[in-house]
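K.L.:
Have a look at this fold, sequence not included:
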């Protein structure tokens, strides 16, 4: 559980806690071995990457990627314990270049005396490129074994050079069973059960939202209450402020949730689409950003299968601008429902991309002369406009002439499916195809 039992930044091995003074429940329940860590079995199990490394005695530098409260700090501290390395913890938020030099000098001195150093860097993505590069020589010569922790996608936030020297391990948010085990441990430590009904206990787990540290903090609050009868969910919510959902409008969660919304619409699931829309709005996302992305979905995934879809999105966008929040957000929700249930087609999108690709390959070829205007006599002498067939004068209003550059094989970019309004467009396309073949054969 990253940061699950984090006692704060430190630049030396953790002191042994004493029993004097109040110790938070999360600190009292800090695991003393990796076997006591709740969750993360995919990483810590015998066949997991850390389990295999420890069994083989070959621990490499690591980057833990995961949300808050899932064990990043705790696991790093226990890895140092398991491998007899001196544990040093710093935070990229509070550490500058002079501090890093001191850390590296101390690690170099320890190494000369036969003691290795596991350097745990919390929020490692906060270091800039030059600071991240500063770790490389000390990782390569064995001065430190680096364990970084980040809540952001390492692919975007960390240097390629650093990532090439460290293995990225993904730590998952704790599930309901994991959080339930934490409650059980807390009750054993406290020597009493929480004054909650089973339904309220389940609500408490939901409030923690996958964060173990938040779970234990909530348990500590509930355990301090003096009540005669177990509390139900409503009484629990009244007494506790619901924890805000983890959401960073410029971070990884932002891109994950908009991807989930887009794919739910594409997958014709209005309920899932509404859920992800609500998640983003509850997290504080700008509704104007959502209006823009929803309109993009209409263009990219529905297109001409339902030409009305784009208009619905634009109207919802304008409605939000006129009504504001929260009433205007209902218009966005209704547009999402419409898109999810609309017929889907990316034929226009695919055709556009294919035409751009073709244009890049044949970008210097001029149009055929018969479709060029000839406003001057010189241009007429050059053959501009010769042989142009005026379609309105042709049989069926269709001449069937070639409009691509001379010598270019006729491509077929647009292939509408048999769905929605594009079913009619396909009939028209096939009709003109037959006429074109007839004209060319005449």
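P.N.:
Thanks, I have it. Just so it is clear, the model here is predicted, and its values are computed rather than measured. Numbers count the residues shown, from 1 in each chain.
K.L.:
At which residues are the strands of the stretch 151-300 of the chain located?
P.N.:
In order along the chain, the stretch 151-300 of the chain carries the following strands (DSSP state E, counting those that start in this stretch): 167-170.
K.L.:
what about this protein, any weak spots by pLDDT?
P.N.:
1-21, 241-252, 442 (pLDDT under 70).
K.L.:
for the nearest residue to residue 230 once chain neighbours are set aside, what are its contacts?
P.N.:
Of all residues not flanking residue 230 in the chain, residue 197 sits nearest, at 4.8 Å (C-beta to C-beta, 6 or more residues apart in numbering). From N, CA and C alone the C-beta is placed, and that goes for glycine too. Contact partners of residue 197, counting by C-beta atoms under 8 Å, 6 or more residues apart in numbering, are 230-233.
K.L.:
Which residues are in contact with the residue most central in space within the chain?
P.N.:
A centroid search over the chain (C-alpha atoms, centre = their mean) returns residue 256, at 2.6 Å, as the residue closest to the centre. Under the criterion of C-beta under 8 Å, 6+ apart, residue 256 has no neighbours.
K.L.:
Tell me how many other residues surround the nearest residue to residue 82 once chain neighbours are set aside.
P.N.:
Excluding the flanking residues, the one nearest residue 82 by C-beta to C-beta, 6+ apart is residue 54, at 6.0 Å. Counted by other C-beta atoms under 10 Å, the residues lying close to residue 54 total 17.
K.L.:
on contacts alone, who are the packing partners of the one helix or strand residue 54 maps to?
P.N.:
Element membership of residue 54 [criterion: DSSP states H and E] is helix 49-56. Judged by 3 or more C-beta pairs under 8 Å, 6 or more residues apart in numbering; DSSP states H and E, helix 49-56 is in contact with helix 41-44, helix 72-82, strand 167-170.
K.L.:
Quick check: buried residues in that helix?
P.N.:
Burial within helix 49-56, assessed by neighbour count using 16 or more other C-beta atoms under 10 Å, is assigned to 49-51, 53-54.
K.L.:
quick one: that helix to chain centroid distance?
P.N.:
28 Å (C-alpha atoms, centre = their mean, to the nearest Å).
K.L.:
which neighbours does the helix or strand that that helix is followed by have in its sheet, and in what orientation?
P.N.:
Following helix 49-56 in sequence order, the next helix or strand is strand 62-65 (DSSP H and E). Sheet pairing of strand 62-65 (DSSP bridges) gives strand 145-150 (parallel), strand 167-170 (parallel).
K.L.:
about what we covered before: give me the phi and psi angles of the residue nearest to residue 230.
P.N.:
phi -70, psi 170 (degrees, to the nearest 10).
K.L.:
What separation do you get for it and residue 290?
P.N.:
Distance, residue 197 to residue 290, by C-beta to C-beta, to the nearest Å: 37 Å.
K.L.:
Residue 196 now?
P.N.:
For residue 196 relative to residue 290 (C-beta to C-beta), the value is 36 Å.
K.L.:
Which residues does stretch 295-312 contact?
P.N.:
Contacts for stretch 295-312 (C-beta under 8 Å, 6+ apart): 262, 265-266, 313-314, 317, 335, 338-339, 342-349, 416-417, 419-422, 425.
K.L.:
Now for residue 305, how many residues are close by?
P.N.:
The burial count for residue 305: 22, using other C-beta under 10 Å.
K.L.:
Ok, the one 10 residues further on next?
P.N.:
Counted with other C-beta under 10 Å, residues neighbouring residue 315 total 14.
K.L.:
and it, that one's in a helix?
P.N.:
Yes: membership of residue 315 in a helix is supported by DSSP: H, G, I helix; E, B strand; the rest coil.
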